[in-house]
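Visitor: need a 3D model of the sequence below.
(2 chains)
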Amino acid sequence: MTISKNELLKRMSEGVLEMEEDVVIEAANNYLEAGYPVLEGILEGLVDGMNKASVLYDEEEYFVTDVLLCSDAMYEGLNILRPHLSSDEVDRKKPTGVIGVVHGDTHDIGKNLVKIMLETAGFEMYDLGRDVPLIDFVEKSKEVKADLICLSTLMTTTMSGMETVINLLKEHGIRKDLKVIVGGGPISQKFSDMIGADGYSNNAVEAVKLSKSLLGLV
Amino acid sequence: MHKDDKMTPNQRLQAFMTGKEMDRILSIPVTCTMSGLASGITHKEKRSSAKNEAKAQIDCYKRFGNDMLITDYGLHGVGTALGSQTNNPEDAVPAITDYILKDLSKVDMLDPSKLTLEKDEAFRLHCEATEICVEKLGHEVPTGVLISGPFTAAASIYKTESLLRATRKDKENLHKLIHFCNENLKKIYKEFIKRGAMILMCDPIASGTILHKKQYREFVLPYTIDLVNEIHKAGGMVCYHICGDTTAIVSDMVESGCDMLSIDNIVDLSYVKKEVGDRVPILGNVDPVEVMYLGKPEDVKRSVKECLRKGYDSEKGYILASGCDLSGNLPLENIDAFMEAAREFGKWPLDPKNFL
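Guide: Predicted coordinates:
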């Protein structure tokens, strides 16, 4: 018996929200087999669940662990559905971001949360990982024509690397082509202003709102 | 003794513990990571020998007259002794680049003998630095050791993100890992206590910014109670610090039995005083980054006043401190200003008129 599209969308969304990978995997496979539109499955199923999770995170109902487990479930579903997007859908222009933890630091939970939330919000994210040589942010941004760079660090001793990235962007003549946002334990609005970043946010949900507003997407 | 003080830190602490008069409020800017600045050496030089580590502490004390020397077993010590890899930066705390434990189910394969003084060179170095501090200045100022709590020790062995997932998906092995850390931390703490150090137990990965209160109560608190108990049995004292937002767990933290509670600058000191001020002395919470690293001496003084205003009348006592370890290339004038403000606004008897 075929399960209705709406029922499968609901199962994917709820599976993500409830952190149930198995439910999401089964629903995504059923959805695909039934031939329902893939993009809608991603947006109205998987991403819908993740959006609900981020609302709960913002309300402090969900914590970091919950968001990680929700995103695990979402990515399981995406792995199934994404390869079946049509080439038009794959090529559609998305806002593009480069993200990483600056050189010298390897704490990456905050960065990963921001990446998850931005991907959920429809950004194409290039994750440079942790302990990233500062010039790599510039080179990757040029290569992918990024709209946004997200810099993260937890350590006071590596904060100054963020300013270096901004200076490198200026030297390479692309500072005006993109927005730079900063975050992490020791970072503040004051520091963001001092180094000439475009914005600071103190959590992953805020980072999405900030990015969208900086890029005029709201 | 510092030229502007009338009591030694030992005398001041003694007076604090027994409710007697002192010259000024106890004042502990956490001069640990940055301490090399006072000796004109980088962090790498500071961590390269016991002599350098101790000298950096002694030079800080000579300049500032701060109320505690702080040696640095650090947050990654357990993991690195077991085989986790770090980078080796010239002037910053090393960060972990590779974790020794990749598969939590292999937790039983961790080798505790690597954590002993005989086998762990870094542990020996920090013990020796502690010995030098106590030998040279123990008659005058207490020495503490900054050292990880159980959850942070676990996070130096196994990647934090995986650790968080395991709080739901593999509780059994996660408990094994934390238990392993705890049993070994007991032995490590005892070596420092034996040498006369107070335990400055830091468990930043247990922060409310990362963990839910329920996770704290399940995976952190029982182990911490056990550890604190062992510290007391060994005749030691413990000041307990968790970074970040601990608003939801301050009361739980005190349940650990800790002798003092240190709070991060993002937690409201007035709230902590109200919640637990009748149970333990509180340390806090000048912002180490915005004020101490990026601010000017007048910002420091303003912030010290604000802390005094909020904390001075806490029932079991209040100790002026930074909200976390000081790090980065901060202006030493800001630490001068911190101590000057402690002497000026925190002189005895404490009078709210002095810090309004």
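Visitor: so stretch A:59-70, near chain B or not?
Guide: Yes - judged by Cβ under 8 Å from any Cβ of the partner chain, stretch A:59-70 comes into contact with chain B at A:F63, A:V64, A:T65, A:L68, A:L69. All C-beta atoms are positioned from the backbone trio N, CA, C, and that covers glycine.
Visitor: span of that stretch from start to end?
Guide: 16 Å (Cα to Cα, to the nearest Å).
Visitor: for that stretch, buried residues please.
Guide: A:Y62, A:F63, A:V64, A:T65, A:D66, A:V67, A:L68, A:L69, A:C70 (16 or more other Cβ atoms under 10 Å in any protein chain shown).
Visitor: number of nearby residues for whichever residue of chain A sits closest to chain B?
Guide: Going by Cβ to the nearest Cβ, chain B is nearest to A:T157 of chain A, at 3.3 Å. For A:T157, the count of nearby residues is 22 (other Cβ atoms under 10 Å in any protein chain shown).
Visitor: so A:G97 is in which element?
Guide: Element membership of A:G97, judged by DSSP states H and E, is strand A:96-101.
Visitor: within the sheet, what are the partner strands of that strand, with directions?
Guide: Strands that pair with strand A:96-101, judged by DSSP bridges, come out as strand A:124-127 (parallel), strand A:148-152 (parallel).
Visitor: give me whichever of those strands is most buried.
Guide: strand A:148-152 (a mean of 27; mean count of other Cβ atoms under 10 Å in any protein chain shown).
Visitor: beyond that strand, next helix or strand please.
Guide: Once strand A:148-152 ends, the next helix or strand along the chain (criterion: DSSP H and E) is helix A:160-171.
Visitor: so the next helix-or-strand element following that next one, near chain B or not?
Guide: Later in the chain than helix A:160-171, the nearest helix or strand by DSSP H and E is strand A:179-183. No - residues of strand A:179-183 contacting chain B under Cβ under 8 Å from any Cβ: none, with a closest distance of 12.3 Å.
Visitor: and strand A:179-183, how far out from the chain's middle?
Guide: 13 Å (Cα atoms, centre = their mean, to the nearest Å).
Visitor: packing partners of the very next helix or strand once past it?
Guide: Next helix or strand after strand A:179-183 toward the C-terminus (DSSP H and E): helix A:189-195. When contacts are defined as 3 or more Cβ pairs under 8 Å, 6 or more residues apart in numbering or on different chains; DSSP states H and E, helix A:189-195 sits against helix A:160-171, strand A:179-183, strand A:199-200.
Visitor: which of these is buried the deepest?
Guide: strand A:179-183 (a mean of 25).
Visitor: which helices and strands sit right next to that strand?
Guide: By 3+ Cβ pairs under 8 Å, 6+ apart, strand A:179-183 packs against strand A:148-152, helix A:160-171, helix A:189-195, strand A:199-200, helix A:204-214.
Visitor: who wins for proximity to A:A34 among these?
Guide: helix A:204-214 (31.5 Å; Cβ to Cβ).
Visitor: contacts for the closest one next, please.
Guide: Helix A:204-214 is contacted by residues A:54, A:57-58, A:67, A:95, A:97, A:110, A:113-114, A:116-118, A:120-121, A:123, A:148, A:150, A:179, A:181, A:183, A:198-201, A:217-218 when judged by Cβ atoms under 8 Å, 6 or more residues apart in numbering or on different chains.
Visitor: repeat for stretch B:89-106
Guide: A:104-107, A:131, A:155, A:157-158, B:33, B:36, B:42-44, B:74, B:76, B:79-80, B:82-88, B:107, B:110, B:156-159, B:162, B:166, B:170, B:173-174, B:177, B:327, B:329.
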